[in-house]
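Trainee: Prediction below, plus the sequence it came from.
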Amino acid sequence: MIKNLINLFFPKVCYACHNLLSDNEESICLDCRHDLPVTNFHFDDNDSVKKMLYGRAKIENGTALFRFEKKGNVQRLIHNLKYKGHEHIGFILGNWLGGELKTLETYQSIDAVIPVPLHNNKLKKRGYNQVAKFGQQIAKALNATYLDDVLIKISNTKSQTNKKRFARWTNSNELFALKNITKIENKHILIVDDIITTGATIEACVSVLNVAEDVKISIATMAIA
């Protein structure tokens, strides 16, 4: 009765379609789970992520869980994650992708997972890095170390969402710095982020991380645009 009363005043809704959730559903309804545009890049040996970065950043492997579509359910999920305080979405997506990657030999060699960082000012304002739980769950699935004290953001830029492609690329240069470099030397690193669009942010991160000795880098994101 108490649970029903709580649901009456604070109904649980799907973060993708905003329909009411049933008792056996959590955060994302079953219909949306089945309809979300998964890429299956990592299962199909699809190198779309590597091609996006070709000639700009050398990576071992690259994947994205979903295809990003304007006004689609993936956009609504990530919007709720980034701007509505629903950090648990990152946990769910990290479990999802991590559970798939751990079955693949190419990702079993990952030593550490590193999130694309937020600038301290933005982190304080939002209260969390939207890819933190995503990365933590992937690290757990791969028995890898989660490192959020290696790659840091040193320039506080405005949201890249509505900027044109060239503007996003130029504004992503030299935004990051490296700390505790010995933690990633001779390691295979997995960089995680929410969306890869032009690849400029990932390119900047790879450029900085490559300063470390004998480092290998792979990429995993929630979505690809």
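Mentor: Noted; the coordinates are in hand.

Trainee: H188 contacts E60, correct?
Mentor: Yes. Shown here, H188 and E60 form a contact pair, counting by Cβ atoms under 8 Å, at 6.9 Å. Quick note: C-beta positions are derived from backbone N, CA and C, even for glycine.

Trainee: neighbour count winner among these two?
Mentor: H188 (19 against 16; other Cβ atoms under 10 Å).

Trainee: Read off the pLDDT value for that one.
Mentor: Confidence at H188, expressed as pLDDT, is 98.

Trainee: Which parts of this structure are strands?
Mentor: Ranges of strands in the chain, per DSSP state E, are 62-67, 112-115, 145-146, 151-153, 176-178, 188-196, 216-224.

Trainee: what do H188 and E60 both touch?
Mentor: 216-218 (Cβ atoms under 8 Å, 6 or more residues apart in numbering).

Trainee: Out of these, which comes closest to F68?
Mentor: Proximity of these to F68 (Cβ to Cβ) peaks at S218, which lies at 19.8 Å.

Trainee: Would you mind measuring from M52 to T201?
Mentor: 12 Å (Cβ to Cβ, to the nearest Å).

Trainee: correction: E25
Mentor: 33 Å.

Trainee: Looking at those two, which is more packed in?
Mentor: Each of E25 and T201 has its neighbours counted (other Cβ under 10 Å); T201 has more, 23 against 16.

Trainee: how much space between the more buried one and L118?
Mentor: 11 Å.

Trainee: How far away from the center of its chain is the longest helix along the chain?
Mentor: Selection of the longest helix in the chain by residue count, based on DSSP state H, yields helix 88-101. Distance of helix 88-101 from the chain centroid (Cα atoms, centre = their mean, to the nearest Å) equals 10 Å.

Trainee: cool, and stretch 180-190?
Mentor: 19 Å.

Trainee: For it, measure first residue to last.
Mentor: 16 Å (Cα to Cα, to the nearest Å).

Trainee: Spit out the contact partners of the spatially closest residue to P117 that is not a sequence neighbour.
Mentor: Closest residue to P117 apart from its sequence neighbours, by Cβ to Cβ, 6 or more residues apart in numbering: K153 at 4.6 Å. For K153, the contacting residues are 117-120, 175-176, by Cβ under 8 Å, 6+ apart.

Trainee: Show the pLDDT at K153.
Mentor: Reported pLDDT for K153: 91.

Trainee: Quickly list what it is bridged to.
Mentor: F176 (DSSP bridges).
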